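Asks: coords below, sequence missing:
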Ligand SMILES: [Ca+2]
Ligand SMILES: [Ca+2]
């Protein structure tokens with residue numbers, strides 16, 4: 001599993017800047033007051049994490065992929081990125097202990113303008129990245145470097161883009177599913193409009209930005 005970590009670090013260096021999606025719905029900017037008051041349910045390696053089910057204001061709520069990111073970003077966090085096997089285990093443990101069916105992560109397929117770069121092709125193998133930190137995932141074919149499920153709704157290893165095969169929306173977002181297909185607690189590609197509980201992770205870039213622009217704030 002150490003390779004998982006090293007590969008992630010190498011890919012972060014190799015990936016550089018990712019193209020920005022040009023959706024009509026956009027990413028929210030951080031709100032300094034919400035950043036300062038953000039609720040931190042647990043920490044891992046110095047970073048704060050928020051679990052939607054653990055906050056009485058959001059318990060029972062489920063939101064789509066972009067709404068999850070925006071809730072987090074307003075608080076100087078972003079949807080969780082599972083860059084290392086240790087962090088992956090930490091989050092999976094929380095999901096299992098709390099009997100949560102599934103969560104959104106920041107993972108997404110690069111499928112917009114600018115994603116035709118050679119290093120991101122073929123798209124469904126090399127085009128996955130953690131949007132919160134703009135870090136590329138290992139190719140989906142490198143099964144020891146990631147945690148894609150070996151099963152799913154139509155018996156195929158993930159990512160399988162199942163909904164498109166069945167005439168639905170593309171499965172361009174990465175969710176962690178807890179035994180949903182009796183297949184363990186693993187990563188799945190899922191259509192981004194689905195609604196799920198979510199996990200936020202402190203985002204250093206947003207924290208730095210708000211601290212810089214608000215010198216007296218305590219984050
Ligand atoms: Ca992370
Ligand atoms: Ca799938």
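Replies: Nice, I can see it. Just so we're clear, the structure is a prediction, and the values are computed from it rather than from any experiment. Ligands and ions are numbered 1, 2, ... in the order given.
Asks: residue numbers of the protein in contact with ligand 2?
Replies: Neighbours of ligand 2 within the chain, by CB under 5 Å from the ion: 160, 162, 171, 188-189. For glycine as for every other residue, the C-beta is placed from the backbone atoms N, C-alpha and C.
Asks: which of those residues count as buried?
Replies: Neighbour-count burial (16 or more other CB atoms under 10 Å) applied to the residues of the chain next to ligand 2 gives 160, 162, 171, 188-189.
Asks: from the rest of the structure, what touches the strand ranked longest in the chain?
Replies: Looking across the chain with DSSP state E, the single longest strand is strand 102-109. Residues outside strand 102-109 that contact it (CB atoms under 8 Å, 6 or more residues apart in numbering): 63, 65, 68-69, 78-82, 91, 95, 123-124, 127-133, 137, 159, 170, 172-178, 180, 187, 189, 192, 196-199.
Asks: surely residue 125 touches residue 138?
Replies: No - counting by CB atoms under 8 Å, residue 125 does not reach residue 138; the two are 10.0 Å apart.
Asks: quick check on the residue in the chain that ligand 1 sits nearest to: phi, psi?
Replies: The chain approaches ligand 1 most closely through residue 81 (4.1 Å), counting by CB to the ion. The phi/psi pair for residue 81 (degrees, to the nearest 10) reads phi -110, psi 130.
Asks: so who does it touch?
Replies: With contact set as CB under 8 Å, 6+ apart, residue 81 has these partners: 105-107, 130-133, 135, 201.
Asks: is it possible to get TSV of these that adds neighbour count, pLDDT and distance to residue 87?
Replies: Output for the contacts of residue 81, formatted as TSV (neighbours: other CB atoms under 10 Å; pLDDT from 0 to 100; distance: CB to CB, whole Å):
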residue	neighbour count	pLDDT	distance to residue 87
105	27	98	11
106	27	98	12
107	27	98	13
130	26	98	11
131	23	97	16
132	25	97	12
133	17	97	12
135	20	96	12
201	25	98	9
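Asks: turn the residues you listed into JSON lines, including distance to ligand 1.
Replies: Output for the contacts of residue 81, formatted as JSON lines (distance: CB to the ion, whole Å):
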{"residue": "105", "distance to ligand 1": "9"}
{"residue": "106", "distance to ligand 1": "8"}
{"residue": "107", "distance to ligand 1": "11"}
{"residue": "130", "distance to ligand 1": "7"}
{"residue": "131", "distance to ligand 1": "12"}
{"residue": "132", "distance to ligand 1": "8"}
{"residue": "133", "distance to ligand 1": "7"}
{"residue": "135", "distance to ligand 1": "9"}
{"residue": "201", "distance to ligand 1": "5"}
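Asks: tell me the one of the residues you listed nearest ligand 2?
Replies: Distance to ligand 2 across the contacts of residue 81 (CB to the ion) is lowest for residue 107, with 12.2 Å.
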